[in-house]
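>>> how would this look folded up:
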Amino acid sequence: MGHLDHATFGWLTPVLSYAMACIGAALGLRCTVRALGASGRSRRNWLVTGASAIGTGIWTMHFVAMLGFGVTGTEIRYNVPLTILSLVVAMVVVGTGVFAVGYGRDRGRALAFGGLTTGLGVASMHYLGMAALRLHGEVRYDPVLVGLSVVIAVVAATAALWAGLNIRSPLAVAGASLVMGGAVSSMHYTGMLAVSVRVAPSEAALPGATTMQFIFPLAVGLGSYLFLTSAFVALSPTSSEREASVSAQRPVEDAAATP
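Numbering: from 1, shown residues only. Below is the predicted model of the structure:
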């Protein structure tokens with residue numbers, strides 16, 4: 001049985017992965033708040049941005065954490081198509097949940113459907129990412145801990161969508177994103193506790209890419225996307241700010257129109 005190390009770089013990867021989960025959650029919640037105050041194409045665009053932010057944050061959290069994952073007696077590589085598929089699944093399923101909440105008329109049903117869908121999508125992303133692992137040995141899972149990780153994912157997703165519907169102030173969104181980041185991290189490490197590896201030493205070359213060849217550059221790129229999108233959202237005026245600007249311009253326009 002190979003010894004699993006979930007933090008080969010110490011606290012660096014757990015802390016950084018938690019930060020990425022929080023940033024994605026905060027950005028997604030802010031976009032959802034903006035979407036609920038908009039209509040038409042603007043609502044759709046905000047929901048797309050929010051879904052991509054949450055999906056990207058969750059995926060980046062998982063694979064930044066995986067940068068610190070090691071197994072004694074074998075090197076680790078990743079299947080590139082499966083890894084990319086896990087990112088696509090995260091985006092699509094989170095998007096389904098966010099749009100269900102953004103356009104649902106019955107908020108209760110929309111929240112239940114969106115939370116279940118998004119949670120299962122998060123869990124699917126995690127285990128697809130784990131399926132992309134290539135090592136000399138056999139990976140096994142504790143079904144009880146796997147089930148617990150899925151429950152945590154569904155509860156965390158439902159709580160995040162509830163926050164998007166009910167929380168408006170930036171300070172409250174920040175607090176909710178910290179809780180959401182902790183829940184996503186808990187889901188990840190619960191899922192990792194379910195893993196055991198029976199190593200079969202071999203000199204054969206493993207297929208796939210190493211973390212530094214593929215995972216690290218992609219995580220950096222997606223992390224940059226989150227930071228740039230955060231700046232865009234922070235600088236974009238809210239609906240109330242736009243209304244205030246229009247109201248302030250009206251007296252000036254009326255005065256100019258008066259002979």
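>>> hmm, who's touching stretch 43-55?
Contacts of stretch 43-55 with the rest of the structure, by Cβ atoms under 8 Å, 6 or more residues apart in numbering, involve 24-25, 27-32, 34-36, 38, 87, 90-91, 93-95, 97-99, 102-103, 118, 160, 164, 226, 229, 233. Quick note: C-beta positions are derived from backbone N, CA and C, even for glycine.
>>> Buried among the residues you listed? Need that as a selection in PyMOL.
In PyMOL syntax, the buried subset of the contacts of stretch 43-55 is picked out as below (16 or more other Cβ atoms under 10 Å):
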select buried, resi 24+25+27+28+29+30+31+32+34+35+36+38+87+90+91+93+94+95+97+98+99+102+118+160+164+226+229+233
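>>> So which of the contacts of stretch 43-55 belong to helices?
Cross-referencing the contacts of stretch 43-55 against helices under DSSP state H gives 24-25, 27-32, 34-36, 87, 90-91, 93-95, 97-99, 102-103, 118, 160, 164, 226, 229, 233.
>>> Just want the most central residue of the protein.
The centre of the chain sits closest to Ile58, judged by Cα atoms, centre = their mean, with a distance of 2.4 Å.
>>> Next one: that one relative to Gly104, how far apart?
22 Å (Cβ to Cβ, to the nearest Å).
>>> same question, Thr83
Thr83 is 32 Å from Gly104, by Cβ to Cβ.
>>> So if I had to pick from these two, which one is more boxed in?
Thr83 (22 against 16; other Cβ atoms under 10 Å).
>>> I'd say the more buried one and Ala132 touch.
Yes. The criterion here is Cβ atoms under 8 Å, and Thr83 meets it with Ala132 at 4.6 Å.
>>> Now for the residue nearest to Met61 when sequence neighbours are not counted: which residues touch it?
Closest residue to Met61 apart from its sequence neighbours, by Cβ to Cβ, 6 or more residues apart in numbering: Ala21 at 3.9 Å. With contact taken as Cβ under 8 Å, 6+ apart, Ala21 is in contact with 57-58, 60-61, 180-181, 184-185.
>>> which residue ranges form the helices in the stretch 151-259 of the chain?
Remark: helices assigned in the stretch 151-259 of the chain by DSSP state H, counting those that start in this stretch are 170-193, 216-235, 239-257.
>>> And the ones you listed, which one averages the lowest pLDDT?
Lowest mean pLDDT of the helices of the stretch 151-259 of the chain: helix 239-257, a mean of 50.
>>> In PyMOL, how would I select the buried members of the contacts of Ala21?
Here is the PyMOL command that selects the buried residues among those (16+ other Cβ under 10 Å):
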select buried, resi 57+58+60+61+180+181+184+185
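>>> Which pair of the contacts of Ala21 spans the longest distance?
The largest separation in these, counting by Cβ to Cβ, is between Thr60 and Met180 at 14.2 Å.
>>> Kindly export stretch 19-27 (C-alpha atoms) in CSV.
Only the C-alpha atoms of stretch 19-27 are listed here, as CSV (Å, rounded to 0.1, in the frame of the first residue of the first chain):
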residue,chain,number,x,y,z
ALA,A,19,-8.1,31.0,-1.8
MET,A,20,-9.0,30.0,-5.3
ALA,A,21,-12.3,28.4,-4.2
CYS,A,22,-13.2,31.6,-2.3
ILE,A,23,-12.4,33.9,-5.2
GLY,A,24,-14.5,31.8,-7.6
ALA,A,25,-17.4,31.7,-5.1
ALA,A,26,-17.2,35.4,-4.4
LEU,A,27,-17.1,36.3,-8.1
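>>> Taking helix 170-193 as reference, get the angle to the longest helix anywhere in the chain.
Secondary structure assigned by DSSP H gives helix 40-66 as the longest helix of the chain. Relative orientation of helix 40-66 and helix 170-193, computed by axes from the mean of the first three to the mean of the last three Cα atoms, to 10 degrees: 40 degrees.
>>> what's the neighbour count on Pro14?
By other Cβ under 10 Å, the residues close to Pro14 number 19.
>>> again, but for the one 4 residues further on
For Tyr18, the tally of surrounding residues (other Cβ under 10 Å) stands at 20.
>>> what's the closest non-adjacent residue to it?
The nearest residue in space to Tyr18 (Cβ to Cβ, 6+ apart) is Ser185, at 4.9 Å.
>>> I appreciate the help and will end here.
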